[in-house]
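Participant: Pasting the sequence and the predicted coordinates here, then a few questions.
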Amino acid sequence: MLGTVSSRGKGSSGSEERTGLQPRYRRAFGCVTWVYMGMLVFLAANFLLVLPSRYLGSGDLYGYLPPRLAFLGTVLILPGMALAAVLGARTFRTTRRRGTRMGAGVGALIGYSGFFGLEWLAIAFGLDQRDQVFRTVLFHELGGTFAFYAFVPLTLVATGLVVFAIYGKTADFGRRRNFFLAGAVLAVLAGIGVVVTDFDPLGVLGALVSTVSGAVGGYVSGSGYTRAGGDDMITSGAVHRSPPNSGIHKY
């Protein structure tokens, strides 16, 4: 936040000096805030999506999914905020349409891969025996199969491609989008391999809810990303559009 400091002391000329955070740091702080907001929306969305299952059917989905995705959010929140700060400090604002679409895409991918990643960890380390959050075992026949061993390298490569697409500055948007799509394809294949190896209807529903919740949370984060930092962080040469009598600049 910028402030105004008046120098009116002895011998002062009465001039004013603007002090405060540089625009890129204000943008970084704004991006961190919106990632946090997106995580809260992710948790709220998954809870609301599975709430009807508490009163319909056996209620198994409601019994295991919200705590498990809350665990996922707890694990991801600090790294996510740190990466958001880095992203905000090195980027300019973008159009709302592009920001929200990319935010929803990245959020959906995190929700999808995060869900299957938790299931992989539960099987690999026997978390059902250690933590109540994992008491419901999904895809329990996955261990020792080709899909089990292929999941980690596929997901890591996918993560690397998506991270490059988001943080890379040497490639244009079209090339970065292609890297993101390539990473998304690999991540989806890793999850499909898990489902095909040991089909579990409850696990499939959980993956769908996690993906949709991640997309909603990512959309919210992306909407904030588009305007974090204010007009100072609009790249040079961008076109400003101001609605009549609004006093607000739209980019």
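Facilitator: The structure has been received and is ready for your questions. Numbering: from 1, shown residues only.
Participant: Could you confirm residue 143 falls within a helix?
Facilitator: No. With DSSP: H, G, I helix; E, B strand; the rest coil as the criterion, residue 143 is assigned coil and is not in a helix.
Participant: what about the closest residue to it other than its chain neighbours, helix or strand, and which?
Facilitator: In space, and not counting its chain neighbours, residue 143 is closest to residue 123: 5.0 Å by C-beta to C-beta, 6 or more residues apart in numbering. In short, each C-beta sits where N, CA and C put it, glycine included. Following DSSP states H and E, one finds residue 123 within helix 96-125.
Participant: isn't the residue nearest to residue 143 right next to residue 148, touching?
Facilitator: Yes. Counting by C-beta atoms under 8 Å, residue 148 is a contact partner of residue 123 at 7.2 Å.
Participant: Quick check on those two: which one has the bigger neighbour count.
Facilitator: Neighbours were counted for residue 123 and for residue 148 using other C-beta atoms under 10 Å; residue 123 has more, 23 against 19.
Participant: where's residue 169, which helix or strand?
Facilitator: For residue 169, there is no host helix or strand (DSSP H and E).
Participant: ok, back up a step: show me what the helix holding residue 123 packs onto, helices and strands only.
Facilitator: With contacts defined as 3 or more C-beta pairs under 8 Å, 6 or more residues apart in numbering; DSSP states H and E, helix 96-125 has these neighbours: helix 23-50, helix 60-90, helix 146-167, helix 173-197, helix 201-225.
Participant: To what extent is residue 168 buried, counted in neighbours?
Facilitator: 12.
Participant: same deal with the one 3 residues further on?
Facilitator: When neighbours are defined as other C-beta under 10 Å, residue 171 has 13 of them.
Participant: Same check on residue 156?
Facilitator: By the measure other C-beta under 10 Å, the count of residues near residue 156 is 12.
Participant: same thing with residue 205?
Facilitator: 16.
Participant: so it makes contact with residue 61?
Facilitator: Yes. Between residue 205 and residue 61 there is a contact under C-beta under 8 Å: 5.7 Å.
Participant: check contacts around the residue most central in space within the chain.
Facilitator: Nearest to the geometric centre of the chain sits residue 107, at 4.2 Å (C-alpha atoms, centre = their mean). Applying C-beta atoms under 8 Å, 6 or more residues apart in numbering, we find residue 107 in contact with 38, 42, 214, 215, 216, 217, 218, 219, 221, 222.
Participant: Do I have it right that the third one meets residue 110?
Facilitator: Put plainly, it is residue 214. Yes. Counting by C-beta under 8 Å, residue 214 does reach residue 110; the two are 5.1 Å apart.
Participant: what about these two, which has more around it?
Facilitator: Using other C-beta under 10 Å as the criterion, residue 214 and residue 110 rank with residue 214 on top: 30 against 26.
Participant: Run a quick neighbour tally on the residue nearest to that one when sequence neighbours are not counted.
Facilitator: Closest residue to residue 214 apart from its sequence neighbours, by C-beta to C-beta, 6+ apart: residue 111 at 2.3 Å. Neighbourhood size, residue 111 [other C-beta under 10 Å]: 27.
Participant: So residue 111 is in contact with residue 208, correct?
Facilitator: No. Contact criterion C-beta under 8 Å: residue 111 and residue 208 do not qualify, at 9.5 Å.
Participant: and residue 139, helix, strand or coil?
Facilitator: Following three-state DSSP, the label given to residue 139 is coil.
Participant: Tell me the spacing between it and residue 168.
Facilitator: 34 Å (C-beta to C-beta, to the nearest Å).
Participant: quick one: contacts for residue 92?
Facilitator: Listed by C-beta under 8 Å, 6+ apart, the contact partners of residue 92 are 229, 233, 234, 235.
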